[in-house]
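K.L.:
What shape does this take:
(one chain, ligands or ions: 3)
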Amino acid sequence: MEKFTITTTNDQYDVLIDYGLRHQLDTLCRSILEGRKKALIISDTKVYPLYGEEVKKSLARLLPVAHVTVPNGERAKSLEVYRDLLTTCIEEELDRNSIIIALGGGVIGDIAGFTAATYMRGIPFIQVPTTLLAQDSSVGGKTGINHPLGKNLIGAFHQPSAVVYDIDMLQTLSDKEWLSGFAEMMKHAYIQDPNYLAWLKEHVNTLDDIKKPSIRSSIRRSMKIKATIVEKDEKEAGIRAFLNFGHTLGHALEKVSGYGELTHGEAVACGMLFAMRLSNTLQLSTWDIEEEKAWFQAIGYPVDIVFQYEPEALIEAMRLDKKRTSKGLTFVLLKKAGEPMIQTVKETIVRQLLQRKEASS
Ligand SMILES: NC(=O)c1ccc[n+]([C@@H]2O[C@H](COP(=O)([O-])OP(=O)(O)OC[C@H]3O[C@@H](n4cnc5c(N)ncnc54)[C@H](O)[C@@H]3O)[C@@H](O)[C@H]2O)c1
Ligand SMILES: O=C(O)C(=O)C[C@@H](O)[C@H](O)[C@H](O)COP(=O)(O)O
Ligand SMILES: [Zn+2]
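P.N.:
Ligands and ions are numbered 1, 2, ... in the order given. This next block holds a predicted model:
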C-alpha cells in the first residue's frame, strides 16, 4: 500500500492508495471512526450500486451507517441537491460526532465535502475516491458546488480526515472518465515536473495506455505533486493557483456547453492547450503547438471543440472566474514545463485567439 501524510495549517491526514481498500475502511480508519455516532455515505446513483454496499459493510463493523445517493454527473453540484443533502443530514440526526463518507468521483467529493464543511458549521468527512480524476480532487480540501452563473462559485476549504483510494474501483470507469482524469495528471506534469511530463509523453499516447497498470505510479506522483502544493499554500494565496492551469477556459467551456456535456478533464485539456497558445502569443514561451496538440488528439481529447462555442459567451463566463481582476481575464500561463505564471490578459487578445483555429497561432 502507498501511504503519505498531508500537513496543512490546522489539519493532518493520510492518503492511502492500493487495490481493494474499500473492504478495509474499518481497520484503515479505525482511529477516525471509532466512537462516532453515525456515518453517512454520500454517493451517486451509478457508484453506489457498484460499491456502496461493500463500503457500508466495512464501515458497519465499527459504527451505524446510513447512505444517500444523488444523481450522477456534474449537474448534482447544484444548490438544490446540496439542500437535499442537508435535509438528509438532519433527518438522519447527524451531529458533530458523526462523519460523512464521500464515495464517488470529484462531483461527490466536492458536494459531500461541502455538505460536511457547512452542516452544523462543519463535521468531518473521509474521501473514498472512485475516479481517476479524483487523484486530483480528493486531496487539498477544495469543496463546493456550481451556480447557474458559474462553476464552483460556492464552496469552502475543508480538509478530509483521510483519503482512501481503492484503485480497484477504477476498473468500471468509462473511457470518457479515464480520459477526463488523465487530463489533470497532465496538468500536474506541465506545471511542476518536466521529467514527469517527458515520461507521460513517452508512455501515454492512447487511451489504452492510460488504463495500463503502470498508471498506478503516475497516480501517486500526481497526488504527491498536488499535496506538496497544498501544503505550501492551502488557501490559494499564491502557488496553489497554478493548479488552475487550463481551468480559466476549461470552467467557461463546462458552463457554456451545459454542465456535464463536456467532462471536466476534456474542458481542462482544451484550456491547457489554449493557455499554451496564449503563452506563445504573449511571447512568454515557444511551445510547438502542433506537437502538443497532436499529443492531446492522439490520446483522445476533442481540442478543436472550443471553436464550436461563441467566443463572446466563453469570455462572459470567464469574467466570473475567481481569479479575474479588474484589468482582465486571469490565466495560468506556462513559460515552459515546470514554470507556470499567473497573468492577466486583455479580453481583445483572448477573443482573437478564440476565433483563430490554426494550431500554430
Ligand atoms: N476539489 C477539487 O480539488 C477538484 C479538483 C478537480 C476536479 N474537481 C471537480 O471534480 C468534478 C469532476 O469529477 P469526476 O470526473 O470524478 O466526475 P464524477 O464524480 O461526476 O464522475 C464521473 C462519472 O463517472 C461515474 N463513476 C464514478 N466512479 C465510477 C466507477 N468507479 N465506476 C464507474 N463509474 C464511475 C460517476 O457516476 C459519473 O457519472 C468536477 O465537478 C470538478 O470541478 C474538483
Ligand atoms: O485544488 C486546486 O486548487 C485546484 O485548482 C484543482 C482543480 O483541478 C479543480 O478543478 C478545482 O476545483 C478548481 O478550483 P477553482 O477554485 O478554480 O474552482
Ligand atoms: Zn480541475
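
K.L.:
So the residue in the stretch 201-350 of the chain positioned nearest to ligand 2 versus Q308, what's the distance?
P.N.:
Going by C-beta to the nearest ligand atom, ligand 2 is nearest to L243 of the stretch 201-350 of the chain, at 3.6 Å. From N, CA and C alone the C-beta is placed, and that goes for glycine too. Going from L243 to Q308 by C-beta to C-beta, to the nearest Å gives 27 Å.

K.L.:
More neighbours: these two, which one.
P.N.:
L243 (24 against 10; other C-beta atoms under 10 Å).

K.L.:
Where does the more buried one sit: helix, strand or coil?
P.N.:
helix (DSSP: H, G, I helix; E, B strand; the rest coil).

K.L.:
Identify the residues contacting the closest residue in space to it that isn't next to it in sequence.
P.N.:
Nearest non-adjacent residue to L243, counting by C-beta to C-beta, 6 or more residues apart in numbering: I229, 6.2 Å away. For I229, the contacting residues are 140, 192, 239-240, 242-243, by C-beta atoms under 8 Å, 6 or more residues apart in numbering.

K.L.:
Kindly recompute the last result at 7 Å.
P.N.:
Applying C-beta atoms under 7 Å, 6 or more residues apart in numbering to I229 gives the contacts 239-240, 242-243.

K.L.:
just K346 next, same as before
P.N.:
So K346 contacts G328 (C-beta under 7 Å, 6+ apart).

K.L.:
same thing with W287?
P.N.:
276, 279-280.

K.L.:
Select from the residues you listed the one having the most neighbours.
P.N.:
Busiest of the contacts of W287 [other C-beta under 10 Å] is S279, holding 24 neighbours.

K.L.:
Tell me how many other residues surround V230.
P.N.:
There are 23 residues near V230, going by other C-beta under 10 Å.

K.L.:
Which helix or which strand is home to it?
P.N.:
helix 215-232 (DSSP states H and E).

K.L.:
how about that helix: buried residues?
P.N.:
With burial defined by 16 or more other C-beta atoms under 10 Å, the residues of helix 215-232 counted as buried are 215, 218-227, 229-231.

K.L.:
Would you verify that D14 is located in a strand?
P.N.:
Yes. Under three-state DSSP, D14 falls within a strand.

K.L.:
Pretty sure it sits against K3.
P.N.:
Yes. The criterion here is C-beta atoms under 7 Å, and D14 meets it with K3 at 6.0 Å.

K.L.:
Spit out the contact partners of the most centrally placed residue in the chain.
P.N.:
Centroid-nearest residue in the chain, with C-alpha atoms, centre = their mean: S137, separated by 3.5 Å. Neighbouring residues of S137 by C-beta under 7 Å, 6+ apart: 106, 109-110.

K.L.:
And for stretch 78-96, what's in contact with it?
P.N.:
Here stretch 78-96 has contacts from 37-38, 40, 42, 66, 68, 70, 111, 114-115, 119-120, 123, 145-146, using C-beta under 7 Å, 6+ apart.

K.L.:
what's the domain layout of this structure?
P.N.:
Per automatic domain parsing, the domain ranges recorded for the chain read 2-172, 175-355.

K.L.:
picking up where we left off before, okay, who's weakest in the buried residues of helix 215-232 by pLDDT?
P.N.:
Across those, the smallest pLDDT goes to I215, namely 90.

K.L.:
Please report the distance of the residue lying closest to it once chain neighbours are set aside from D168.
P.N.:
Using C-beta to C-beta, 6+ apart and skipping the chain neighbours, the partner closest in space to I215 is L132 (7.6 Å). Distance of L132 to D168, computed by C-beta to C-beta: 13 Å.

K.L.:
Comparing those two, which residue is more hemmed in?
P.N.:
L132 (27 against 15).

K.L.:
you'd agree the more buried one is up against L179?
P.N.:
No. Using C-beta under 7 Å, L132 makes no contact with L179, being 8.8 Å away.

K.L.:
Now do the SS call for L333.
P.N.:
L333 ends up strand, using three-state DSSP.

K.L.:
Could you find the closest non-adjacent residue to it?
P.N.:
Nearest one to L333, counting by C-beta to C-beta, 6+ apart, is S279 at 4.3 Å.

K.L.:
List the contacts of the one you found.
P.N.:
285, 287, 333-335.

K.L.:
Among these, name the buried ones.
P.N.:
Buried among the contacts of S279 (16+ other C-beta under 10 Å): 285, 287, 333-334.

K.L.:
so can I have CSV of these showing pLDDT?
P.N.:
Supplementary listing: the buried ones among the contacts of S279 in CSV, determined by pLDDT from 0 to 100:
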residue, pLDDT
S285, 98
W287, 98
L333, 98
L334, 98
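
K.L.:
of all those residues, which two lie farthest apart?
P.N.:
Greatest spatial distance in those: W287 and L333, 10.3 Å, computed using C-beta to C-beta.

K.L.:
hang on, isn't A189 packed against Y196?
P.N.:
Yes. Counting by C-beta under 7 Å, A189 does reach Y196; the two are 4.2 Å apart.

K.L.:
Quick one: name the residues of the stretch 101-250 of the chain near ligand 1.
P.N.:
By the criterion of C-beta under 6 Å from any ligand atom, the positions of the stretch 101-250 of the chain lying close to ligand 1 are 104-108, 110, 130-131, 133-134, 136-137, 140, 142, 152, 169-170, 172-173, 177, 180, 184.

K.L.:
Whichever of the residues you listed end up buried, select them in ChimeraX.
P.N.:
Buried subset of these, written as a ChimeraX selection, criterion 16+ other C-beta under 10 Å:
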select :104,105,106,107,108,110,130,131,133,134,136,137,140,142,152,169,170,173,177,180,184
